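> Give the three-dimensional model of this entry:
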Amino acid sequence: MSARAARRTAFAALMIGALLLTWVLVRPTGPSPAAGDEPAGRGGGSEVEQELSEQTGERLEAIEEANEQGIRWQVRTRVAAAVAAPAPGWAGERVADPVTDDWEPAIAADPAAPFVYLMTTHFADKPCPGNCPVPHISLHVSSDGGQTWAAQRPLCACKGSWQYDPVVEVVPNTGAVDAAYLNGFNVVFVSSTDHGATWSAPVKTYGNVSWNDKPALATSDDGRDVYLSWNGPTGGDPWIAQSHDFGQTWTQLKLVDSNRYFFAYDADVLHDGTVVFAQSDIDYSGPGGAPVGVVNHHVFISRDAGVTWEDHVVDTVNVGEPCVSDGCGPDFYIGHDAISADDAGRLVVLYDGATTDLGPQRIFARRSTDGGRTWSARVALSVSGENATSPAVESRGTGDVRAWYMQTGNGDEPGTWNVFYRTSTDGGATWSAPVVISDVTAGAAYKHPDGFDEVYGDYGEIAITSAGKTIATWGEGLSYTGPGGVWFNRQT
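Purely as a prediction, here's the structure:
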């Protein structure tokens, strides 16, 4: 998610400093917040929005400084291609844009046609004059399963200060493309019926909810039922926004009223209409708003088209190793989830977590064969003693599961990261040996023979093309602040 650590830490600090008080959110435009729903300074001109603006400015300054110092953060494509050593069956890692700073990508593939849609948070020139966003969401479309890509373009050159947090899904039965993103601290929805050539005007999903952040998106097989979860008032509580008319109109429902901060990362709609969202909650009551205690990993489930919701805590883990990268908050590596259902309705959830307080995290998997009512024991995917974060997962068929995660330790250089890919043919009970798919080892300042310097952005994603091939995307950078880029790799 965009500037996750800074926004959460700043917001948590404000909450702690004024516990049991109510603030009034002041926004220049948009609906008035309902009583009791006011966040601690989340509106225009607020302390938290100022923090995010400062982080955006710092990222742009880091790009300028790197250029002035001659740091080769931009990707020398020929060199990068020459040093790639793809794993068997993989095409080799590629960068989405070799000259521009990108982070936090989203990807989706059409299950019935060779179209793939990649969106990035793009730190580039404004896509339009005047009050036009930096960064903005950049759209990349491939019509051949990710082999070649049309020229990238803005998803929406809409007015506003910034856009972050893209999410994208393909409607299985129709091939329509649904997407959402943050326009300021407001989640908007857009859709395309012509493979991304044109898009509907942005639709507000938040109603009278005064602020919202970090969306996760899922759609029914026919596209009529669209579900978004994002956090919002009062203190990062989880909300569901839902539409039952293809995204034209939306209602909102708060799932939990809590002092813990929730994050939604992934979602799915099963063929029978069951809706699942994977989320985590974190306690920011530590010194200076630092995370403390445990992280709870949830699966929220609705079996009646969003009318009622169940809350299943699938695991509780310790707060893990803090991030010390330039510009990074201590919570950057913690609290990530991914979930997917295969065609038989069997669920797999992946999440990160530590087994000791502030220790290195591992990636764990659990599975459910009864629609999320019960869950198996955890299975560790990453190795013990190394830090791991940000899993992604996608399923199809009967028990065909594909996943990746980021982990340190792939050679002699300590602290470098790599992306590891694993599969399961039995619904997540057992897994293949890990394969490194972040295989470019030079060509940019953050690339090394043993990996890359830092996870760049809070998440990436994975998809399965109509040909049954995996395509995965993530961010790599010099530090949390950057510069860096979005990379992807695909099976051949």
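
> so Leu350 makes contact with Glu394?
No - taking contacts as Cβ atoms under 8 Å, Leu350 lies outside contact range of Glu394: 10.7 Å. For the C-beta atoms, the positions are set from N, CA and C on the backbone; glycine is no exception.

> Tell me who's in contact with the one residue sitting closest to the centre of the chain.
Closest to where the C-alpha atoms of the chain average out (Cα atoms, centre = their mean) is Tyr459, at 3.8 Å. Contacts here follow Cβ atoms under 8 Å, 6 or more residues apart in numbering; on that basis Tyr459 touches 1, 104, 265, 336, 390, 392.

> likewise Val79?
Going by Cβ under 8 Å, 6+ apart, Val79 touches 442-443.

> Please report the distance of it from Val440.
Distance, Val79 to Val440, by Cβ to Cβ, to the nearest Å: 9 Å.

> before we move on, what about Leu228?
Counting by Cβ to Cβ, the gap from Leu228 to Val440 is 34 Å.

> Which one of these two is surrounded by more residues?
Leu228 (29 against 24; other Cβ atoms under 10 Å).

> bridging residues for the more buried one?
Leu217, Ala241 (DSSP bridges).

> repeat for Glu454
Following DSSP bridges, Glu454 is listed with bridge partners Gly477.

> Can you get me a residue count around it?
Counted with other Cβ under 10 Å, the neighbours of Glu454 add up to 25.

> ditto for Trp404
Trp404: 32 surrounding residues under other Cβ under 10 Å.

> Confirm for me that it is in contact with Ala392.
Yes - Trp404 is in contact with Ala392 according to Cβ under 8 Å; the separation is 5.4 Å.

> Now list whatever residues contact both of the two.
460, 462, 472, 474.

> Three-state assignment for the second one, please.
Three-state call for Ile462 (DSSP: H, G, I helix; E, B strand; the rest coil): strand.

> gap between it and Val435?
Ile462 sits 13 Å away from Val435, going by Cβ to Cβ.

> Compare those two (neighbour count), which wins?
Per other Cβ under 10 Å, whichever of Ile462 and Val435 has more neighbours is Ile462, with 22 against 17.

> so who does the more buried one touch?
Contact analysis of Ile462 by Cβ under 8 Å, 6+ apart lists 107, 392-394, 402-404, 470-473.

> now swap in Ile437 and tell me
Residues in contact with Ile437 (Cβ under 8 Å, 6+ apart) are 87, 90, 93, 404, 419-421, 472, 489.

> Ser161 now?
Going by Cβ under 8 Å, 6+ apart, Ser161 touches 53, 131, 133-134, 184.

> what's the answer for Asn387, then?
320-321, 333, 360-361, 407-408.

> Low-confidence bits of the stretch 1-150 of the chain, can you list those?
Applying pLDDT under 70 to the stretch 1-150 of the chain picks out residues 1-49.

> switch to 50 and redo it
By pLDDT under 50, the low-scoring segments of the stretch 1-150 of the chain are 1-3, 5-45.

> now the helices for it?
Ranges of helices within the stretch 1-150 of the chain are 4-17, 47-68, 77-83, based on DSSP state H, counting those that start in this stretch.

> circling back to that earlier point, would JSON lines of the contacts of Asn387 with secondary structure and neighbour count be doable?
Converted to JSON lines, the contacts of Asn387 look like this (DSSP: H, G, I helix; E, B strand; the rest coil; neighbours: other Cβ atoms under 10 Å):
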{"residue": "Gly320", "secondary structure": "coil", "neighbour count": "27"}
{"residue": "Glu321", "secondary structure": "coil", "neighbour count": "20"}
{"residue": "Tyr333", "secondary structure": "coil", "neighbour count": "26"}
{"residue": "Pro360", "secondary structure": "coil", "neighbour count": "21"}
{"residue": "Gln361", "secondary structure": "strand", "neighbour count": "29"}
{"residue": "Gln407", "secondary structure": "strand", "neighbour count": "26"}
{"residue": "Thr408", "secondary structure": "strand", "neighbour count": "23"}
